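> below is the sequence, then the predicted model.
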Amino acid sequence: RGTMGVTSGKWYFEYTDGATGSGSVGVATAGATSLVQDGMVGNSSQGWAVNNDGAKENGNSETAGYMASFTTGDVVSVALNMDDGEITFYKNGSSAGVAFTNLGSKGAIYPAICTGSHSSNFDTLNFGQVDFAHTPPSGYKAWNSDNLPVPTIKNPTEHFVTTLWSGNDSSSPYGNQTVDTGMQVDMTWHKTRSHGVDHRIHDRLRTLNGNTDTGHIFPNLNNAEDNGAVNFDAWTSTGFTVKGNSNRADGGARTYVSWNWKADGTGGANSDGAQATVVSANQTSGFSIVTGTGTGSATTYGHGLGVEPKIIITKARSAADDWYFFTSAIDGIPYNTWQYNKLNTTNAFASDSATADNTTTFTTTYANGTTFVAYCFADVPGFSQFGIYEGSGSSNGPHKNLNFKPAWLMIKKTSAGSGSWFIYDNKRNPHNVASTVLWADTTNTDTTDNSYRLDMLSNGFKIRDTNTNYNASGVIYFYMAFAEAPFKYANAR
């Protein structure tokens, strides 16, 4: 199976049979189970193909005589029309007619081949890297990344970036240290990698230059906002400064990571909801920071995104309370409703009928007078994606197409007997296989373990182990991902 899945447009590639006249060529979803040695693409209900004997096949059901058989040197062309949900095959430039319909509802579709029982075949696939043997049908594009649309965000590192640093040498006088992320940071989530201490989040609405003793909140705890234990000093134009002699951010012989998002600085007043908020919103990247005050009942608050958020994370500031993680990305349990979890726990997701959102507001409930902060996220194609996948229980695990190369990935089991929130990033895992993780709900140090393996690919990620925290058979997992590069511009790792 290829790596470029498509959900719209008209796409074309060619297959040349190298020897023996065996196998099959066509398309498949990421869930196709037939792409194995001695298999045929159409053996799966998620594969649609033509076989070497000229039969078309889907779901292990063949229709003989679709086209003439092909053998060594024959060119089979594949023309996929996702706009109309149709696929047509050609032999040596002659159309055999529409083979299958209704593919438009199947999700992302990938090119796929199987060599049948002849696994030593050397067949040729042409996705436009050289001139085609035959002219593609009118309106069809070569199935390659050059023909993908230009993404809204060409350079994701202008909106999200992971940064690593080391603390000052304990044998020297401590001094403040500037962490240069290369972009304006409006929210930073940082963690000591080398020592088992709490996570911390700072943002520009709560932690201001000149008032830096405030604004510590801890993703792994339900504590109220902490106004002491200074570890953050000031925001800069391309990052922030951390306090010297602070083991939480600049301790000698310690290592740190921060995950950083750009919003819109200190923001401004927002009156879209029933209760006023202060909002710092980056509509381009689909991220906003919201501060507000509870009323004692369900109340609407403006989020500033201009589109519906898919994730809303809220935390009480002036009182101890859990981190509420609301999402509409878990379509399967049940369909098309909001689910919630608690970021500081290992709980399963549960349905939430009270949280509603639209393009201007979201609804939440806090005690009268309790101040809170909310972090809101919307999907932006090529930059961010939030969704689910189903575990396979196999070390050759699920591949999730994101249409970008991930810079940051968080995975959480959704069901009962659930586990921690696994966090991967491209700086602590610069190469595949990625197996170094932190957990949002614990103080654990950086941990590298083969049972946490996955690949961070040019177009998504692929699970590489059977650990039940991210790949039990039939179990649904939630993921939250941000891009290093959109697929159109991504290189393999």
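Here it is on my side, so go on.
> quick one: low-confidence residue ranges for the protein.
Low-confidence segments of the chain, defined by pLDDT under 70, are located at 19-22, 33-38, 116-121, 169-175, 208-214, 228-230, 244-252, 331-336, 353-356.
> just the helices in it please.
Secondary structure of the chain (DSSP state H): helices at 468-471.
> which residue sits closest to Leu158, ignoring its sequence neighbours?
No Leu there; residue 158 is Glu. Met183 (5.5 Å; Cβ to Cβ, 6 or more residues apart in numbering). For every residue, glycine as well, the C-beta is placed using N, CA and C.
> how many neighbours does the one you found have?
If you count neighbours by other Cβ atoms under 10 Å, Met183 ends up with 19.
> spit out the contact partners of it.
Listed by Cβ atoms under 8 Å, 6 or more residues apart in numbering, the contact set of Met183 reads Thr157, Glu158, His159, Val161, Thr238, Gly239, Asn260, Lys262.
> which residues touch the third one?
Applying Cβ under 8 Å, 6+ apart, one finds that His159 lies in contact with Ile153, Met183, Trp261, Lys262, Asn282, Thr284, Ser285, Phe287, Phe383.
> try it again with 7 Å
By Cβ atoms under 7 Å, 6 or more residues apart in numbering, the residues touching His159 are Ile153, Lys262, Asn282, Ser285, Phe383.
> quick one: which of those residues is nearest Ala269?
Asn282 (17.2 Å; Cβ to Cβ).
> neighbours around the nearest residue to the closest one once chain neighbours are set aside, how many?
Nearest non-adjacent residue to Asn282, counting by Cβ to Cβ, 6+ apart: Ala263, 4.9 Å away. Neighbour count for Ala263, taken as other Cβ under 10 Å: 27.
> just checking, Ala263 touches Val185?
No: counting by Cβ atoms under 7 Å, Ala263 stays clear of Val185, with 9.2 Å between them.
> please name the nearest non-neighbouring residue to Tyr256.
Closest to Tyr256 by Cβ to Cβ, 6+ apart is Trp165, at 5.3 Å.
> again, but for Ile463
Leaving aside its chain neighbours, Ile463 sits nearest to Gly397 (3.0 Å; criterion: Cβ to Cβ, 6+ apart).
> how about Ser458?
Ala490 (4.0 Å).
> quick one, what contacts the one you found?
By Cβ under 7 Å, 6+ apart, Ala490 lies in contact with Phe404, Lys405, Ser458.
> distance of it from Leu103?
25 Å (Cβ to Cβ, to the nearest Å).
> what pairs with Lys384 across the strands?
Careful, residue 384 is Ser; it's not Lys. Beta-bridge pairing of Ser384 under DSSP bridges involves Val380, Phe482.
> any idea how far Ala348 is from it?
Note on Ser384: its distance to Ala348, by Cβ to Cβ, is 24 Å.
> cool, and Ile411?
Note on Ile411: its distance to Ala348, by Cβ to Cβ, is 14 Å.
> between the two, who's got more neighbours?
Set Ile411 next to Ala348 and count neighbours by other Cβ under 10 Å: Ile411 wins out with 25 against 16.
> not counting sequence-adjacent ones, nearest residue to that one?
Phe422 (4.6 Å).
> what's the burial count for the one you found?
21.
> hmm, Asp441 and it touching each other?
No: the pair Phe422 / Asp441 is not scored as a contact, 10.0 Å apart, by Cβ under 7 Å.
> what's the overlap in contacts for these two?
If you check Phe422 and Asp441 against Cβ under 7 Å, 6+ apart, no residue is contacted by both.
> return the set of buried residues in stretch 134-147.
Neighbour-count burial for stretch 134-147 flags Pro136, Tyr140, Ala142, Trp143, Asn144, Ser145, Asn147 (criterion: 16 or more other Cβ atoms under 10 Å).
> now do the second one against Glu14, distance only.
The spacing between Tyr140 and Glu14, counted by Cβ to Cβ, is 12 Å.
> which residues touch the residue lying closest to Ala79 once chain neighbours are set aside?
Nearest non-adjacent residue to Ala79, counting by Cβ to Cβ, 6+ apart: Thr88, 4.7 Å away. Counting by Cβ under 7 Å, 6+ apart, Thr88 touches Ala79, Ser95, Gly97, Val98, Ala99.
> go on, Leu205?
Each residue near Leu205 by Cβ under 7 Å, 6+ apart is listed here: Thr266, Gly267, Val278, Ser280, Ile289, Thr291.
> by neighbour count, which of these wins?
Busiest of these [other Cβ under 10 Å] is Ile289, holding 28 neighbours.
> ok, and the closest non-adjacent residue to that one?
Per Cβ to Cβ, 6+ apart, closest to Ile289 is Ser280, 4.5 Å.
> for Thr370, same thing?
Gly294 (4.2 Å).
> quick revisit: and the residue nearest to Ser458, how far from Pro151?
In this structure, Ala490 lies at 11 Å from Pro151, with Cβ to Cβ as the measure.
> for Asp203, same thing?
From Asp203 to Pro151 the distance is 26 Å (Cβ to Cβ).
> okay, the two: which has more neighbours?
Legend: neighbour count by other Cβ under 10 Å for Asp203 and Pro151, higher for Asp203 (24 against 20).
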